[in-house]
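Participant: Here's my sequence, what's the structure:
(one chain, ligands or ions: 1)
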Amino acid sequence: MYDVIIIGAGIIGTSIARELSKSKAKVLILEKSVDVSMGATKANSAIVHGGFAEKHSALKGRLCYKGRIQFKRLDEELHFGFEETGSLIITMDDDKEPLEKIMENGLLNGLPDLSIIGPEEIRKIEPELTEDVKWALYCKGAGICSPYEMAIAMAENAIRNGVRLELENKVTAIKKEDEHFKVTSDKGEYEGSYVINAAGVHSDEISKMVGVDNFEILPRSGEYILFTRGTGDPINTVIFQMPTKLGKGVLVASTYYGNLLIGPDATDFTEKEDTSTHIERIANIYGQTKELYTKIDPRKFIRSFTGIRARSSTDDFIIEETTVKGFINIAGIQSPGLTSSPAITEMVIGILKDAGLELETNPDFDPYRKPIVTKKPLKPLKEITPFIELPLGSKDRIVCRCEQVREDEIVDALHRGIKVKTVDGVKRRTRASMGWCQGEFCKSRIIEVMEREYGEKIDPKFDIEHSGVNRVQKSDLLEYLKSLEEE
Ligand SMILES: Cc1cc2nc3c(=O)[nH]c(=O)nc-3n(C[C@H](O)[C@H](O)[C@H](O)COP(=O)(O)OP(=O)(O)OC[C@H]3O[C@@H](n4cnc5c(N)ncnc54)[C@H](O)[C@@H]3O)c2cc1C
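Facilitator: Predicted structure coming up:
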């Protein structure tokens, strides 16, 4: 019998599990996918938002800043990759009133680090931006992080401190029996005193399993373009355009590792699991961004991807114990859910305590998790070639040429309490196959290491099935952009 069963291993589920592992509570996470962080947590803008954009009347407005200010400490403990870069909302308009309104809202949300700046200061911060920008709202403490590494780090640390994680366990039914819950998955049956529903876009379906149907999840997809490493280096902050009815609009940022990232767009015509990308949407994002930041080179495109926002019918976060005592919904966690996750976690711990869960301190809790890889500059290919050519099993052998990932780093990633069953899982942990060749060179080399370490064959079909599909290819995008120019 578990004290708490958490459904979903995105940033919300893993972060709550890690917090609960500070106590002696018996905790189980059930996740339907082959790995942690396979939902919205792996496909988003990766921005640690300032906390000024959402209205103070909304829970998401009140939790964002409270979450943001915990990232530095969390990164020092868990080493997932976080950098305080600052953010700008820019306008090409002479009128700065709309920015002042957003700033007012930010002040209501408790932010101490907002200012409105003019062209000269904007140019100092972002010299590469178009000269047409007139005003910007600057938030000094906003930043970027590596979101999937954050969830992986949370899960690894939670497991180390006693939490059990069951992957490939899709919850199909929940029944309340006397004072506890029976949770059924496609793999087994589990009993727990409290159930936390952190199932992202599927949280409405999970909630309905206990008869609570007071909200729906209305999926809204957003597509992105990612460029080669180094392309993000000229961008110093996160650059937003003025928000629209559909959200924060297309942004320009560098990823934590220096890839230029542009997007997302937004459409409600989508299925919950449809993460395919579309050439018209990708080209549209490119066109919108090109006007702001002329340095974008489409030949440096490496990948497109889609994230699905779990927008709730209330258009706010839903974080509450439901009418079914002991069953807690955490739903509608769209942006800024990643940023808010530490504050959401605090709130849920409070709800659990109020609901009667006693949390006795775990005296063995270890808050630290070592990084697998750290951000480092790439060496010239000539210098690393001898290390690429070393045979399998050699100390210092480089497996992935583009990102210069060593074999010992991959081996480390495979033995941290979560079985990594796909090349995609190795990629998220080490960056191997994340570079310009997108695994063409190293995929078979990664599989070799996985097979040796686990002593079993990796099924290529299984790997492809779990690695996402239907992505716009570079050659197609270049051709499409050319055809648009010719029109
Ligand atoms: C396009 C986009 C851009 C965003 N940008 C930002 C940003 O820049 N900054 C920010 O702060 N936030 C951003 N967000 C929001 C952020 O990504 C989410 O709020 C956050 O990742 C939500 O985490 P989660 O754990 O609730 O959901 P998820 O990560 O989706 O996790 C839910 C998990 O539940 C599992 N699950 C579902 N059903 C079942 C079942 N039946 N049984 C077992 N497991 C199940 C899923 O497989 C999944 O792993 C963005 C979101 C999107 C989509």
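Participant: Where does pLDDT dip in the protein?
Facilitator: Within the chain, the stretches with pLDDT under 70 are 246, 468-469.
Participant: Quick one: name the residues of it near the ligand.
Facilitator: 7-13, 30-33, 38-41, 44-47, 49, 170-171, 198-200, 202, 206, 222, 264, 307-309, 333-339 (C-beta under 6 Å from any ligand atom). Using the backbone N, CA and C atoms, a C-beta is placed for each residue, glycine as well.
Participant: could you redo the last one with a cut-off of 5 Å?
Facilitator: For the chain, the contact set with the ligand under C-beta under 5 Å from any ligand atom comprises 8, 10-12, 31-33, 38-41, 44-45, 47, 170-171, 199-200, 202, 222, 264, 307, 309, 333, 335-339.
Participant: Among those residues, which lie within strands?
Facilitator: Of the residues of the chain next to the ligand, the ones assigned to strands by DSSP state E are 47, 171, 222, 307, 309.
Participant: Pretty sure residue 124 sits in a strand.
Facilitator: No - going by DSSP: H, G, I helix; E, B strand; the rest coil, the assignment for residue 124 is helix, not a strand.
Participant: what about it, neighbour count?
Facilitator: Applying other C-beta atoms under 10 Å, we find 10 residues neighbouring residue 124.
Participant: ditto for residue 285
Facilitator: Residues contacting residue 285 under the criterion other C-beta under 10 Å number 20.
Participant: ranges for the strands of the stretch 151-300 of the chain?
Facilitator: Ranges of strands in the stretch 151-300 of the chain, per DSSP state E, counting those that start in this stretch, are 164-166, 171-177, 180-185, 189-197, 217-229, 238-240, 251-254, 259-263.
Participant: Tell me which of those sits nearest to residue 71.
Facilitator: Of all the strands of the stretch 151-300 of the chain, strand 238-240 sits nearest to residue 71, with 13.7 Å by C-beta to C-beta.
Participant: residues in contact with that closest one?
Facilitator: Strand 238-240 has contacts (C-beta atoms under 8 Å, 6 or more residues apart in numbering) with 47, 85-90, 126, 129, 142-144, 248-249, 251-253, 292-293.
Participant: same question, stretch 478-487
Facilitator: Residues outside stretch 478-487 that contact it (C-beta under 8 Å, 6+ apart): 279, 283, 286, 287, 298, 299, 301.
Participant: and what of stretch 312-331?
Facilitator: Contacts for stretch 312-331 (C-beta under 8 Å, 6+ apart): 12, 16, 58-60, 63, 174, 176, 179-181, 193-198, 203-204, 207, 210-212, 215-218, 310, 332-334, 337, 340, 344, 347-348, 351-352, 354-355.
Participant: Mind giving me the ChimeraX command for buried ones among these?
Facilitator: Selection of the buried residues among the contacts of stretch 312-331 in ChimeraX, burial being defined by 16 or more other C-beta atoms under 10 Å:
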select :12,16,59,60,63,174,180,181,193,194,195,196,197,198,203,204,207,210,212,215,216,217,218,310,332,333,334,337,340,344,347,348,351,352
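Participant: Can you flag which of the residues of the chain next to the ligand belong to helices?
Facilitator: Counting by DSSP state H, the part of the residues of the chain next to the ligand found in helices is 11, 12, 337, 338, 339.
Participant: which of the residues you listed sit farthest apart?
Facilitator: Among these, 12 and 339 lie farthest apart (C-beta to C-beta), at 12.0 Å.
Participant: ends of stretch 316-334, how far apart?
Facilitator: 8 Å (C-alpha to C-alpha, to the nearest Å).
Participant: Tell me which residues of it come out buried.
Facilitator: By neighbour count with 16+ other C-beta under 10 Å, stretch 316-334 contains the buried residues 316-322, 324, 326-334.
Participant: would you turn the strands of the stretch 151-300 of the chain into CSV with distance to residue 443?
Facilitator: Shown next, in CSV, are those (distance: least, C-beta to C-beta, whole Å):
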stretch, distance to residue 443
strand 164-166, 26
strand 171-177, 32
strand 180-185, 31
strand 189-197, 35
strand 217-229, 18
strand 238-240, 32
strand 251-254, 26
strand 259-263, 19
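Participant: out of these, which comes closest to residue 453?
Facilitator: Nearest of those to residue 453, taken as C-beta to C-beta: strand 164-166 at 19.1 Å.
Participant: That closest one pairs with which strands?
Facilitator: strand 27-30 (parallel) (DSSP bridges).
Participant: And the contacts of the strand it pairs with?
Facilitator: Under C-beta under 8 Å, 6+ apart, the answer for strand 27-30 is 2-9, 13-14, 17, 20-21, 155, 158, 162-166, 169, 171, 183, 185, 190, 192.
Participant: Let me see the ranges of the helices in the stretch 251-400 of the chain.
Facilitator: Secondary structure of the stretch 251-400 of the chain (DSSP state H, counting those that start in this stretch): helices at 279-290, 337-354, 381-388.
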